[in-house]
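1. for reference, the sequence and a predicted model appear below.
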Amino acid sequence: MTEEISPLHPDAFPVTSDSTPAVTPTDEAPREPANAPLAQRMRAVHADWASILTLAALALIIVFAGYLRLTHVNWDASAVNGAEGSSGHLHPDERFLASITNDIGFASSPLNYLDTDTSAMNPYNINRDGGQRQTTFVYGTLPLFLNKIVGEWLDTDKDEQGNASTHLSARWIVDGLDAMPGIDLNYEDGRDAFDGGYESNLVGRTLSGLFDLGTVVFIFLIARLLADRRVGLLAAFLYALSAAPIQNAHFFVVDPFVTFFAAMTIYFAIRSAQRGGYGNFAMAGLGAGLAAATKITAISLLPVVILAVGV
């Protein structure tokens, strides 16, 4: 009969030199099944493929959304003597923005830009007939300035006959965009269909479509944060098919710009609430500020940012 040691006996659990009780065989951690590494690799491969398929599906949605938003930019062009003509400026807001774009200039210096009484970029400094100045401008200036800068840059060095820009970087972008289906920035005879002034609405329409594509991406990211990637793809697809964004993307109006910055603000506000981080706080605040610079009613996004920071 073997002699048993009582659990209360000091020799029941041998002590090592560092006074740490020795681990008995029964105290060892349970061993994983022999096929555990294989299962882990399979899960990793599945996650990789899921990410690849998600990115591929999102890319297809963006391409589809881009086709719906960027086709026939010069859709309201008038025909003059059988030749292609300029845009009809049928949307009253677009017509007003194009007129202001034509009449503003560039500030002579950063300090001059901040001098609202003399800055050529201030719409209220536009001189009108009778010595009067522009009396109203109800939009934010961010889309106006962006359209003016891009339009003038793409229109650099146009000659007196209105031939295309000789600015190499601008020419490459204009020709690249015009080669895409439906982006009509050049006429068939090679002339530019836009300029840096009243006809810059075609540049503005292209910018509207591109910003709205960015909104598609942010909607996917928001839905993925709140649910999962499948919900994100569904949300992006539904927005890509929505009629109002497609319509607004065919005009130079502020709505696609403010929608993009609002979606950016909401995305980073959610990240701030879930994960914290000064970077997320800063990006949410930046988005809200840019949205307000686009349309003053977007100042209503500021409580969203404050709430996210306080959570």
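-> Good, I have the coordinates.
2. tell me the mean pLDDT for stretch 200-210?
-> Averaged across stretch 200-210, pLDDT comes to 93.
3. residues of that stretch that come out buried?
-> Across stretch 200-210, burial judged by 16 or more other C-beta atoms under 10 Å covers Ser200, Asn201, Leu202, Val203, Gly204, Arg205, Thr206, Leu207, Ser208, Gly209, Leu210. Yep, even glycine has a C-beta here, placed from its N, CA and C like the rest.
4. which residues does it contact?
-> The contact list for stretch 200-210, computed with C-beta atoms under 8 Å, 6 or more residues apart in numbering, reads 66, 69-70, 73-74, 87, 89, 94-95, 97-98, 101-102, 143, 146-148, 150-151, 154-155, 177, 183-185, 193-194, 248-253, 256-257.
5. quick one: low-confidence residue ranges for the stretch 101-250 of the chain.
-> Counting by pLDDT under 70, the ranges of the stretch 101-250 of the chain that qualify are 156-169, 182.
6. what ranges do the helices span in it?
-> Ranges of helices within the stretch 101-250 of the chain are 110-114, 142-154, 168-179, 201-226, 229-241, 243-248, based on DSSP state H, counting those that start in this stretch.
7. closest to Asn122 out of those helices?
-> Asn122 lies closest to helix 110-114 among these, at 8.6 Å (C-beta to C-beta).
8. elements contacting the closest one?
-> Packing partners of helix 110-114 (3 or more C-beta pairs under 8 Å, 6 or more residues apart in numbering; DSSP states H and E): none among the helices and strands.
9. still on that earlier bit, buried subset of the contacts of stretch 200-210?
-> Buried members of these, scored by 16+ other C-beta under 10 Å, are 66, 69-70, 73-74, 87, 89, 94-95, 97-98, 101-102, 143, 146-148, 150-151, 154-155, 177, 183-185, 193-194, 248-253, 256-257.
10. what pLDDT does Asp76 get?
-> Reading off the confidence values, Asp76 has pLDDT 86.
11. distance of it from Ser87?
-> Separation of Asp76 from Ser87 (C-beta to C-beta, to the nearest Å) stands at 6 Å.
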